[in-house]
Structures are given as structure tokens and as C-alpha cells.
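Participant: Quick one, structure for this:
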Amino acid sequence: MKTLKTLPGKIWNFFGIIFILSLLWMNLFNEQQVQAGQGGPVLYEVTNNCVIITGFIATNDVLTVPETIEGMPVVGMADFESGLSNGFTSLTLPGTLTNIGARAFAYCTNLTQIQFPKNLLCIGESAFEGCAALAQLNMPYGLGFIGIQAFQGCSSLTNVVVPNTVTNMDYGAFATCASLTNITFGKHFIGNSFNLWLIYDCPNLVSVYFAGEAPVILHDPDQILYLPTVAYHISGAPGWFGHSQIFGLRTAIWEPTYKEWAWISELTDRYPNACQESDDADHDGMSNLAEMAAGTDPVDASSKLAFTYMPLDYIPRFVELGDTWVSLRFLSVGGKTYEIWSSDSVDGGWTNVATVTAGDGITGVGLNRTAGNAFYRVVLKP
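Facilitator: Now for the predicted structure:
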């Protein structure tokens, strides 16, 4: 009867090492898997039960990145060494995506439209550089940062609106966009993050609109080959007062249409179902159109055209106080003219008792009145 011979311990050790290495290799392989999605296979990595896209190959004109893969949300796109340079013309990104990595879609020269996700926070360096057929951008409210040269060389773009939530952009974000004629920066864009390299070599750029504070130039304008003709700004916005030019550009007051004002004031994005002229988004008793005329904030119920309490120490010292003295104050907008009306009854008989051309902020008015009750109202002159 034959007996089975056992393998020496060293051989068992050898096979054990091979087995462990195989498990490690399988685990490493599983970190980058292939998932079939509309438009072609998607390569991805899994980190903390979230999916990061690392590559894909478009096989038709439309590329749609899925929201989930194997039950896990797709939250980001990795940095690429070079662009995909694929032939798709339309790109749809999932609502779960928050970050687009560097060079993710650089030089996708056939790409004409992008459906950005609503939760997108960051567009990375050169993410869409050289997308020459891309003709329009609808970047989402909530986007905070646009990286270096993110849209450089997108030669079909003509008009760009940077969302109100973007606070910073890096050099060359919209440089060498040959067809660009207008670009608008949102109200929260930080002035000292603006530099003319953002819009370098845009030969057809004629207007730059600023919804917020004045930019602070960081480079010598003489180094810029092309400059926009006019920098438009909102009356009363910080840093603009007294500047007929800023870093070599002629300035002018931007008098927005209602649609533009609704975007600037964030009505359109924050209250899409209450952004019409007759709506009252913040429920303060003033319609959106009335808030536009008064210069108040339509998304802040405490910002409205109304008298507020004025402490005694606010009244000028040269005024002799007495029983017939009344002090009034209200939120005003610089350059606008207001009338103060008085009546001894709320039912009528109003008389104009003062006219004030106000500055920005709180305007105070002191009035002498006759004995008895008196009621006052503030009226914005057209």
C-alpha cells in the first residue's frame, strides 16, 4: 500500500506566499474596475464607498456618466495626464458629482454642450481646455472654484456668466477664447482674485460685468495683449466709488434689467418658483419689483423700505430736542431720492414734508412737527 508523501515545509511556505500575493493582486485589480455605461465603458476607483471616475471611452455622440456604480455614488473625476480627446458631442454628468479633475475633458474638440451637475463645487485645471466647439456654459449655482486654464481656448464661447457662488478663479480660466464678447462675474466674486490673465488674449471681448465688489489688479495691464472696452458695475457696490477707470478700463454703471437683477440678487437660483416681478420671495410685504426699485435685498425679510428705530445719540448734537421733535431713519441706496410724507391720520391727507437724496446704508431725517399725533411714510421717487 502506497503512502502519500507530504510536501516539505519550505514548499508549503512558497505556495502560501504565492497565494497571499495573488490575493493582494486581486484586491489591487479590483480597485480599478470596468462598468458599462451609456456612451462606453467607465473606469473607476472606489474610495470610502464612493466612486471616482478614472477614464472612459466614448463610443457614440452622447456620453452620460452614471450617478451610481454598484450602489455607490459617483462623486468625482480624477486628474488626467492628458485629455480624453474623444468624439462625443454631448456630455451629461451625474447630480452626485462634486469635483471635475484636471484635464478631464481637455481637447474634446467635438464637445458642444455640457449638462453640469447641480452639486458641482470645483472645476479643475484645464478641465475643458481646448474644447473648441463648446458654444455655451450653464454652470450651476453652488460652484465655488474654477481652476487654471479651465476653459482656455474654448474658441466658440461668446457669452459667459460666472455663478454668484464662485469666489475664486485661477489664471487663464477663460484666456484665448477668441469669440468671447461678454463675461459676467457674480456678486460673491472676490476682487483680489481677479486678474487680467483670466481673460488674456480675448480679441473680441468688449464688456466685463461685475455684480459685486471692484477687482484689485495684480498684474501690469501693459502686459495684456487685449483689454475689454468697458467694465460695468452695480451702483453702490464696494470699491467702485470715484473710479472712472480701473486698471486701465473705462467703467460704467450697470443698470440691469429685471431678469439680470433677479440673477444678481440670487432670486433666480434660490427661489426659482418665486422670482417673478409680482412675487414676494422673502415675505416682507414688498414685491420683488418693488425691492428692485428700492434697492433692498429680495431674499432678506429684514431688508425693506421702512422706518427703523433711531437712538437719541444718533441725532446731531446741534439739534435742540423737544416734544415736537421726531427722528426717522430708513435703509437707503446711494443716489436715489426719497420723500417723507406726513399725515395726522393713516387714512389719508398725506403731505410731503421732506425730500432727501440719500447715500448707501442708513439715512436719518429729523423733523419738527406740530402738536398731536403724526404718521410718516417714506416714498421712493421714480
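Participant: contacts, neighbours, all on C-alpha from now
Facilitator: Fine.
Participant: Can you show me the strands along the stretch 251-382 of the chain?
Facilitator: In the stretch 251-382 of the chain, the segments counted as strands under DSSP state E, counting those that start in this stretch are 307-308, 325-332, 337-343, 351-357, 361-368, 375-380.
Participant: any chance of the ones you listed in JSON lines, plus mean neighbour count, mean pLDDT and distance to Gln152?
Facilitator: Below are those laid out as JSON lines (neighbours: other Cα atoms under 10 Å; pLDDT from 0 to 100; distance: least, Cα to Cα, whole Å):
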{"stretch": "strand 307-308", "mean neighbour count": "15", "mean pLDDT": "76", "distance to Gln152": "50"}
{"stretch": "strand 325-332", "mean neighbour count": "18", "mean pLDDT": "79", "distance to Gln152": "41"}
{"stretch": "strand 337-343", "mean neighbour count": "18", "mean pLDDT": "88", "distance to Gln152": "45"}
{"stretch": "strand 351-357", "mean neighbour count": "15", "mean pLDDT": "88", "distance to Gln152": "45"}
{"stretch": "strand 361-368", "mean neighbour count": "14", "mean pLDDT": "79", "distance to Gln152": "40"}
{"stretch": "strand 375-380", "mean neighbour count": "16", "mean pLDDT": "87", "distance to Gln152": "45"}
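Participant: Now render those strands as a markdown table, adding distance to Ser207.
Facilitator: Compiled in a markdown table, those are given as follows (distance: least, Cα to Cα, whole Å):
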| stretch | distance to Ser207 |
| --- | --- |
| strand 307-308 | 38 |
| strand 325-332 | 29 |
| strand 337-343 | 29 |
| strand 351-357 | 30 |
| strand 361-368 | 29 |
| strand 375-380 | 31 |
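Participant: just so I know, which of these lies nearest Leu196?
Facilitator: Comparison of the strands of the stretch 251-382 of the chain against Leu196 by Cα to Cα identifies strand 361-368 as nearest, at 31.5 Å.
Participant: Could you report the neighbour count for the residue nearest to Ala133 when sequence neighbours are not counted?
Facilitator: Taking Cα to Cα, 6 or more residues apart in numbering as the measure, Ala133 lies nearest to Thr112, with 5.1 Å between them; neighbours along the chain are not counted. By other Cα atoms under 10 Å, the residues close to Thr112 number 18.
Participant: Surely Thr112 and Gly130 touch.
Facilitator: No. Between Thr112 and Gly130 there is no contact under Cα atoms under 8 Å: 11.9 Å.
Participant: check contacts around the residue nearest to Ala133.
Facilitator: With Cα atoms under 8 Å, 6 or more residues apart in numbering as the criterion, the residues that contact Thr112 are Thr89, Ser90, Ala133, Leu134, Ala135, Gln136.
Participant: Pull up the gap between it and Ala135, please.
Facilitator: For Thr112, the distance to Ala135 (Cα to Cα, to the nearest Å) stands at 6 Å.
Participant: Ala374 too?
Facilitator: For Ala374, the distance to Ala135 (Cα to Cα) stands at 61 Å.
Participant: who's more crowded, the two?
Facilitator: When Ala374 and Ala135 are compared for neighbours, Ala135 comes out ahead with 19 against 13, by other Cα under 10 Å.
Participant: and Val74, that's in a strand?
Facilitator: Yes. Counting by DSSP: H, G, I helix; E, B strand; the rest coil, Val74 is part of a strand.
Participant: So in terms of bridging, what pairs with it?
Facilitator: Beta-bridge partners for Val74, by DSSP bridges, are Val51.
Participant: Surely it touches Cys50?
Facilitator: Yes. Using Cα under 8 Å, Val74 is in contact with Cys50, at 6.2 Å.
Participant: out of the two, which sits in the busier spot?
Facilitator: Set side by side, Val74 and Cys50 show more neighbours around Val74, with 25 against 16, by other Cα under 10 Å.
Participant: quick one, what contacts that one?
Facilitator: When contacts are counted by Cα under 8 Å, 6+ apart, Val74 touches Cys50, Val51, Ile52, Ile53, Pro66, Glu67, Thr68, Pro94, Thr96, Leu97.
Participant: got it, and Tyr258?
Facilitator: Shown in contact with Tyr258 (Cα under 8 Å, 6+ apart): Glu277, Leu289, Met292.
Participant: Now do the spatially closest residue to Thr158 that is not a sequence neighbour against Leu157, distance only.
Facilitator: What sits nearest to Thr158 in space, not counting adjacent residues and going by Cα to Cα, 6+ apart, is Leu180, at 3.9 Å. Distance of Leu180 to Leu157, computed by Cα to Cα: 5 Å.
Participant: Then Asn99?
Facilitator: Distance check for Asn99 against Leu157: by Cα to Cα, it reads 22 Å.
Participant: what's the average pLDDT for stretch 185-193?
Facilitator: Per-residue pLDDT values over stretch 185-193 give a mean of 85.
Participant: Can you report phi and psi for Thr167?
Facilitator: For Thr167, the backbone dihedrals (degrees, to the nearest 10) come out as phi -100, psi -30.
Participant: How about Leu196?
Facilitator: Backbone torsions of Leu196, given as degrees, to the nearest 10, read phi -70, psi -10.
Participant: Fine, thanks again, bye for now.
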